Structures are given as C-alpha cells and as structure tokens.
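Participant: Just a sequence and a predicted model for now, questions to come.
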Amino acid sequence: MRAGVRGVGLRGRGGQNAAVELLLLADTHVPKRARDLPAQVWAAVDAADVVLHAGDWVDVSLLDALEARADRLIGVYGNNDGPPLRARLPEVARATLGGLRFAVVHETGDRTGRERRCAAAYPDVDVLVFGHSHIPWDTVAGTGLRLLNPGSPTDRRRQPHATYLTATAAGGALHDVTLHRLGA
C-alpha cells in the first residue's frame, strides 16, 4: 500500500466533514539531521487522526515508523529522497479531510509569486501543504487557497526554532492552525 493514500478510517469517525486532527511535517531528514523525531513530535503523531508529510524523509526507516504508528499517513517524496522512497511515495498526494480538499507536495519554487503560482497549479484544492525551505509559511492566495509549510522539526537551518504544525479540519474549514516550536 502506498503511503500517499494509506489508511481508510479516522478512528471510527464517519463522513467527509467530520473533525479531523492533523499533524503537518516536512523536511525531517532522519537520520542525517537527527537520529529520530523529537518525543514531542511522536506525541503529536499519536494525537493526530492524519499525519501529512511534505517530503525529505531521507531514509525509508522513518516512513516505516510513521506508517506503523500513525492512524493515517499522507506523504510525498522530496528532492533529498532516493529511489526507495520514490518507489513508495507520490510526488503529489491528494485527500479530502474534514470537508477540505488537500494537496501535499514538497517544492513550490521561489517565495516570490508563490500564492499566484500555486493557485494556478492547484485550482481544485483548498489547502496546499508543502516543504523544502524549512521555513514555516501560512498564507492565503487570492483564490482562497491556503498554503502551509510546517518548517522542519529536526533541521531549523536559519530559523530560530525547529517547528511543525497542527490543525483541525472540520465542516469544510481549517481551525486551530498552530505552529509548534521545539526547543523554545
């Protein structure tokens, strides 16, 4: 089964508009940047109905661990992911969660013009989750497309903190979008 479409049930909740607790991750780079995900992130995996991972896993062992532990995993490969990960993950993953149409992709290009470019590339999507930059991002395009980048929980680069996002999708809206800082 491909991780991009893994999982059917959401802990017994029915209907596409039911509340869905989300964990958004990207750029984990395990084991190159960290041996494992921080304990706080694993706790968030356990609390989430769906984990969305926007690529740059680096090693298949983290994919295996998240598949085993997450209720549902939606993931894509990134530019640092080799053939074993690309064989198991799509470049773009799509799902309807809590009445919202999500797409997950690793790279969206330069920050200049991102909203316009992504709105044109994903006209049938409500929320686009992406990674690559390790920089948290939360904006809305003129079309209403919400763009979210959770940053990285293991490789903050030039950011003050390592980060990830949680949110709730319910009734066709995104609620409680929260950027979590690690080591703060």
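Facilitator: Structure's in. What do you need? Every value quoted in this text rests on a predicted model; they were computed, and no experiment measured them.
Participant: drop to CA atoms for contacts and neighbour counts, all remaining ones
Facilitator: Will do.
Participant: in the chain, which ranges drop under the pLDDT threshold?
Facilitator: 1-16, 184 (pLDDT under 70).
Participant: Kindly recompute the last result at 90.
Facilitator: Scanning the chain for pLDDT under 90 picks out 1-18, 31-35, 156-160, 183-184.
Participant: Now do the helices in it.
Facilitator: Remark: helices assigned in the chain by DSSP state H are 39-47, 60-69, 83-88, 114-121.
Participant: how about the nearest residue to residue 89, chain neighbours excluded?
Facilitator: Spatial nearest neighbour of residue 89, chain neighbours left out: residue 76 (5.1 Å); criterion: CA to CA, 6 or more residues apart in numbering.
Participant: So what's the residue count around the one you found?
Facilitator: Residue 76 has 30 neighbours, counted by other CA atoms under 10 Å.
Participant: OK, contacts around it?
Facilitator: 3-4, 53-55, 89-93, 104-106 (CA atoms under 8 Å, 6 or more residues apart in numbering).
Participant: now these in TSV, with distance to residue 176 and neighbour count?
Facilitator: Formatted as TSV, the contacts of residue 76 follow (distance: CA to CA, whole Å; neighbours: other CA atoms under 10 Å):
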residue	distance to residue 176	neighbour count
3	26	21
4	24	23
53	19	31
54	20	32
55	23	30
89	28	23
90	28	21
91	27	17
92	25	18
93	23	21
104	19	28
105	22	24
106	23	24
